[in-house]
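# The sequence isn't on hand, but the structure is:
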């Protein structure tokens, strides 16, 4: 599978390229970058991979699918062009700035019969996979509260927050995790903090989601400071908590990849395992291996074997609808009632006005 990467700065270089190159059956054949400086680094890291000034040149060189990891302002037009050319696309999350744009792209993909999938690697975070195991084993009892944080200080290196703010860029991963674990959301409440020097782009946010299942998710992100606690889940029988981020991003920054590390990729050291508290008892919980490498394996299986997409259009729309409601809530200070995913799917081109209803009662 010949894969082209559009956008080599930031996440393209640090995340997408090493994961693609580590995937059995995939070949990274070329990248598009807006400057010449990364081309020298590219040739050292990936000999034989060509550098192109634009997407047309990359496509002309011959690719089977594209991965688009450019800034949020660029990617909508690039995804549209790729779909019109009949090329399957993986796009960094979120798919678009607005729900209407996301609906348009997914509708185009469906009409053209071309796969379009959002890259959500944090579905394969070590802590999330471990929590999913605890939930399957019913170790926590009925869950009441899910608290999840992504707090970073190296936003420029990660290519985050430069255009649309962190609510979309970090929030897309947090919301996707909450939906994956606890299902559809009924109500959304959000707050956002803006630095004085940049009032258009939030650098901190808080979301409260009330799931139809009864679980409440408290999600927060920050580009101003780090917080030691990454995740806390409160159930009727126990509490699971994790300090520190999944180690896969740090490993990639250090030059380690799933190909170089093989079976040890994503393994967390004992001191980084989470805690399970049950009454007075507190014990370490062995962590599942983080498996960011599984996304592109699943993508190839979808293209070559007809397997399901690793992230479905329905899941993408559900996440984008909540992000849209959250941005509206942050502006107005009101909580919003979000329509069911079934209603969203039945009206794929409806605007955001049909997605949320105002309420004077905030989600707790």
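Noted; the coordinates are in hand. Since we're looking at a predicted model, the values are computed, not measured.
# buried stuff in stretch 83-98?
Counting neighbours by 16 or more other C-beta atoms under 10 Å, one finds that the buried residues in stretch 83-98 are 83, 87-98. (Each C-beta comes from the backbone N, C-alpha and C, glycine too.)
# so which of the residues you listed comes closest to residue 65?
Here the nearest of the buried residues of stretch 83-98 to residue 65, counting by C-beta to C-beta, is residue 88; it sits at 4.1 Å.
# so what's residue 90 closest to, chain neighbours aside?
In space, and not counting its chain neighbours, residue 90 is closest to residue 67: 4.5 Å by C-beta to C-beta, 6 or more residues apart in numbering.
# picking up where we left off before, out of the buried residues of stretch 83-98, who's nearest residue 323?
Residue 323 has its nearest neighbour among the buried residues of stretch 83-98 in residue 94, at 6.3 Å by C-beta to C-beta.
# what's near enough to touch that closest one?
By C-beta atoms under 8 Å, 6 or more residues apart in numbering, the contact list for residue 94 reads 72, 102, 118, 168, 169, 172, 319, 320, 323.
# can you give me the helices for the stretch 251-364 of the chain?
Shown for the stretch 251-364 of the chain, the helices assigned by DSSP state H, counting those that start in this stretch span residues 258-261, 294-305, 313-332, 341-346.
# returning to that earlier point: with distance to residue 305, pLDDT and secondary structure added, can I get the buried residues of stretch 83-98 in CSV?
Converted to CSV, the buried residues of stretch 83-98 look like this (distance: C-beta to C-beta, whole Å; pLDDT from 0 to 100; DSSP: H, G, I helix; E, B strand; the rest coil):
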residue, distance to residue 305, pLDDT, secondary structure
83, 21, 98, helix
87, 19, 98, coil
88, 14, 98, coil
89, 18, 98, strand
90, 17, 98, strand
91, 21, 98, strand
92, 24, 96, strand
93, 24, 96, coil
94, 27, 95, coil
95, 24, 96, coil
96, 29, 95, coil
97, 33, 93, coil
98, 34, 94, coil
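# now for the helices of the stretch 251-364 of the chain, which one comes closest to residue 182?
helix 313-332 (12.2 Å).
# Now that closest one: buried residues?
By 16+ other C-beta under 10 Å, the buried positions in helix 313-332 come out as 313, 315-330.
# Low-confidence regions, the protein specifically.
In the predicted model of the chain, residues 153-164, 194-201, 225-228, 340-364 satisfy pLDDT under 70.
# Tell me which residue lies farthest from the centre of it.
Largest separation from the mean C-alpha position in the chain: residue 280, at 35.7 Å (C-alpha atoms, centre = their mean).
# picking that back up, can I assume the residue nearest to residue 90 is in contact with residue 19?
No - counting by C-beta atoms under 8 Å, residue 67 stays clear of residue 19, with 9.2 Å between them.
# just the strands in the stretch 51-200 of the chain please.
Using DSSP state E, counting those that start in this stretch, the strands of the stretch 51-200 of the chain run over 65-68, 89-92, 116-119, 143-151, 185-193.
# starting at the chain centroid, how far to the second one?
What separates the centre of strand 89-92 from the centre of its chain is 11 Å, taken as C-alpha atoms, centre = their mean, to the nearest Å.
# ok, how many other residues are close to residue 282?
When neighbours are defined as other C-beta atoms under 10 Å, residue 282 has 12 of them.
# what sits against the closest residue to it other than its chain neighbours?
Distances taken as C-beta to C-beta, 6+ apart place residue 275 nearest to residue 282, at 5.8 Å, with adjacent residues excluded. Applying C-beta under 8 Å, 6+ apart to residue 275 gives the contacts 240, 241, 242, 282, 283, 284, 285.
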